[in-house]
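**Q** return a 3D structure for these sequence lines:
(one chain, ligands or ions: 1)
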Amino acid sequence: MHNNFLIPREICIGGNDKNKILIGGNNPVTIQTMWKESIVDVVSNKEHLDSILKRINSLSLLGCDIIRFAVPDMASAESLCLIAKNTEIPLVADIHFDYKLALKCIEGNVSKIRINPGNIGSIEKTKLVLKAAHDKGTAIRIGVNSGSLPLDLQESVNLGKLSRAQALVQTAFRETDILDKMNFYNAVVSMKASTVKETIEANEEFAQKSDIPLHIGVTEAGPLISGIVKSTLAFSKLINEGIGSTIRVSLSSTPENEIITARQILEECGKRKSCVKIVSCPRCGREGFDVHNFVDRWQNELLSLNKNITVAVMGCVVNGPGEGKHADIGITGVGNSVIIFKHGKIVRKIDAKDADNAFREELLSL
Ligand code: SF4
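**A** Prediction:
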């Protein structure tokens with residue numbers, strides 16, 4: 001059924017240093033997110049460095065494999081190199097136009113550079129970047145976007161001669177042709193459209209013609225709910241066809257929500273196993289326990305645990321322990337109290353104010 005699509009070649013993000021990961025081939029689909037703030041100066045401020053490393057570590061525990069940072073200037077490049085030196089998670093520098101920033105990041109063990117050779121400015125500068133990347137084992141990601149097509153292809157789209165998806169594919173091949181001519185093969189391609197249909201069409205067409213691994217994503221996917229819906233529809237179709245070696249869910253929300261969404265999509269597609277499964281009720285007029293608040297408060301911590309368990313968070317005692325009886329641990333309300341159950345049996349009844357502490361103790365003792 002999927003014979004038309006080529007198996008992606010295996011490439012290495014990060015060369016031989018500690019920030020290394022293989023993608024494509026038979027490797028698991030990796031999850032990535034993008035740092036949402038400007039990189040602060042970590043070179044002269046150790047507290048900033050520690051705080052970024054702590055956040056990177058928590059994103060990694062949540063299931064993130066790769067993190068991309070925007071690098072608009074040399075100060076950001078220097079900071080990113082220092083961050084890369086101090087973490088094992090592969091980092092990506094997102095660079096537009098300036099080859100010197102790319103050279104700096106390659107030298108500083110950043111694992112992948114997102115830059116389009118066609119935008120670097122001259123063939124000599126492109127050669128310098130690709131040679132440095134080749135020598136260091138750094139990957140290059142070509143990223144093309146439906147909002148910034150070359151003028152001639154945009155014109156063809158306007159005249160109805162090409163679909164936007166076809167124009168995206170042709171734009172990507174213009175960039176990969178440059179890499180091919182310079183014998184550079186450690187590359188990934190992304191073609192981002194803002195609609196599900198165009199995202200699917202562009203990636204399917206590319207995967208029929210090239211074995212370069214694809215980074216898939218829907219750009220400008222919108223606020224949380226619309227972004228999740230668009231990404232889920234596009235990714236589930238592509239991932240089930242074997243297309244997509246690395247994914248990024250773009251949301252106008254936190255990196256944590258992007259990672260959790262990506263994890264959930266991969267899990268439902270049978271491509272990733274989560275350790276902790278949270279089941280929670282939608283809440284109704286019977287609720288004696290604020291399920292929404294508890295789930296919001298605990299979700300990231302629970303999903304970061306390395307335990308193969310199911311956690312039930314239920315609103316009331318009428319259905320709570322019954323519906324959650326297959327869970328390893330559950331919590332629900334009864335009047336002004338909260339009960340904690342394990343494998344369907346009540347193990348604690350406490351005041352609501354003590355719920356978090358008691359839940360944590362019971363969780364740790366599992
Ligand atoms: S567990 Fe209770 S509160 Fe939650 S949806 Fe079911 S009946 Fe309503």
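**Q** tell me the pLDDT at Pro3?
**A** Wrong residue type there; residue 3 is Asn, not Pro. On pLDDT, Asn3 comes in at 63.
**Q** repeat for Pro321
**A** 68.
**Q** where's Thr232 relative to His215, distance?
**A** Thr232 sits 17 Å away from His215, going by C-beta to C-beta, to the nearest Å. In short, each C-beta sits where N, CA and C put it, glycine included.
**Q** now do Gly324
**A** In terms of C-beta to C-beta, Gly324 sits 38 Å off from His215.
**Q** and Leu224, by the same measure?
**A** According to C-beta to C-beta, Leu224 stands 22 Å off from His215.
**Q** between these two, which one's more packed in?
**A** Neighbours were counted for Leu224 and for His215 using other C-beta atoms under 10 Å; His215 has more, 26 against 15.
**Q** got the contact list for the more buried one?
**A** Gln32, Arg141, Gly143, Val188, Val189, Ser190, Gly244, Ser245, Thr246, Ile247, Arg248 (C-beta atoms under 8 Å, 6 or more residues apart in numbering).
**Q** surely Ala262 meets Ser250?
**A** No. Taking contacts as C-beta atoms under 8 Å, Ala262 lies outside contact range of Ser250: 10.3 Å.
**Q** shared neighbours of these two, anything?
**A** Shared contacts of Ala262 and Ser250, counting by C-beta under 8 Å, 6+ apart, come down to Ser231.
**Q** which one's more surrounded, these two?
**A** Looking at Ala262 and Ser250 with other C-beta under 10 Å, you find the greater number of neighbours at Ala262, namely 28 against 20.
**Q** Glu323 versus the residue of the chain at minimum distance from the ligand, what's the distance?
**A** Of all residues in the chain, the one sitting closest to the ligand is Gly315 (2.6 Å; C-beta to the nearest ligand atom). Counting by C-beta to C-beta, the gap from Gly315 to Glu323 is 10 Å.
**Q** if we can go back for a sec, the residue of the chain closest to the ligand contacts Phe289, correct?
**A** Yes. Gly315 is within contact range of Phe289, at 5.5 Å (criterion: C-beta under 8 Å).
**Q** what touches both of those two?
**A** With C-beta under 8 Å, 6+ apart as the test, Gly315 and Phe289 both reach Thr332, Gly333.
**Q** just to revisit the earlier point, highest neighbour count among the contacts of His215?
**A** Result: Thr246 is most packed of those (other C-beta under 10 Å), 28 neighbours.
**Q** who's in contact with the nearest residue to that one once chain neighbours are set aside?
**A** Residue nearest to Thr246 in three dimensions, not counting chain neighbours: Thr30, with 4.4 Å by C-beta to C-beta, 6 or more residues apart in numbering. With contacts defined as C-beta under 8 Å, 6+ apart, Thr30 is in contact with Ile21, Ile23, Asp65, Ile66, Ser245, Thr246, Ile247.
**Q** next step: these restricted to strands.
**A** Ile21, Ile23, Ile66, Thr246, Ile247 (DSSP state E).
**Q** test my guess that the third one contacts Gln32.
**A** Which is Ile66. Yes. Between Ile66 and Gln32 there is a contact under C-beta under 8 Å: 3.9 Å.
**Q** list residues touching both of those two?
**A** Common neighbours of Ile66 and Gln32 (C-beta under 8 Å, 6+ apart) are Val92, Thr246.
**Q** interface residues of the stretch 201-350 of the chain facing the ligand?
**A** 281-284, 286-287, 314-316, 318-320, 323 (C-beta under 6 Å from any ligand atom).
**Q** one more time with 8 Å, if that's ok
**A** 281-289, 291, 314-320, 323, 332 (C-beta under 8 Å from any ligand atom).
**Q** restricted to strands, list those residues.
**A** Going by DSSP E, the strands hold Thr332 from these.
**Q** hmm, which of the residues of the stretch 201-350 of the chain next to the ligand are the buried ones?
**A** For those, a burial check counting by 16 or more other C-beta atoms under 10 Å picks out 281, 283, 287-289, 291, 314-317, 320, 323, 332.
**Q** which residue, other than its chain neighbours, is closest to His292?
**A** That would be Arg283: by C-beta to C-beta, 6+ apart, it lies 6.2 Å from His292.
**Q** what comes into contact with stretch 43-58?
**A** Stretch 43-58 has contacts (C-beta under 8 Å, 6+ apart) with 39-42, 67, 75, 78-79, 82-83, 86-87, 89, 256, 300, 304.
**Q** so for Ser280, what's the nearest residue that isn't a sequence neighbour?
**A** Leaving aside its sequence neighbours, Ser280 sits nearest to Val313 (C-beta to C-beta, 6+ apart; 4.1 Å).
**Q** hey, what's that neighbour bridged with?
**A** For Val313, the beta-bridge partners under DSSP bridges are Ser280, Ile331.
**Q** contacts for stretch 192-203, please.
**A** Contacts of stretch 192-203 (C-beta under 8 Å, 6+ apart): 143-147, 163-166, 168-169, 191, 214, 216-221, 230, 233-234, 237-238, 243-244.
**Q** list the buried residues in that stretch.
**A** Going by 16+ other C-beta under 10 Å, stretch 192-203 has these buried residues: Lys192, Ala193, Ser194, Thr195, Val196, Glu198, Thr199, Ile200, Glu201, Ala202, Asn203.
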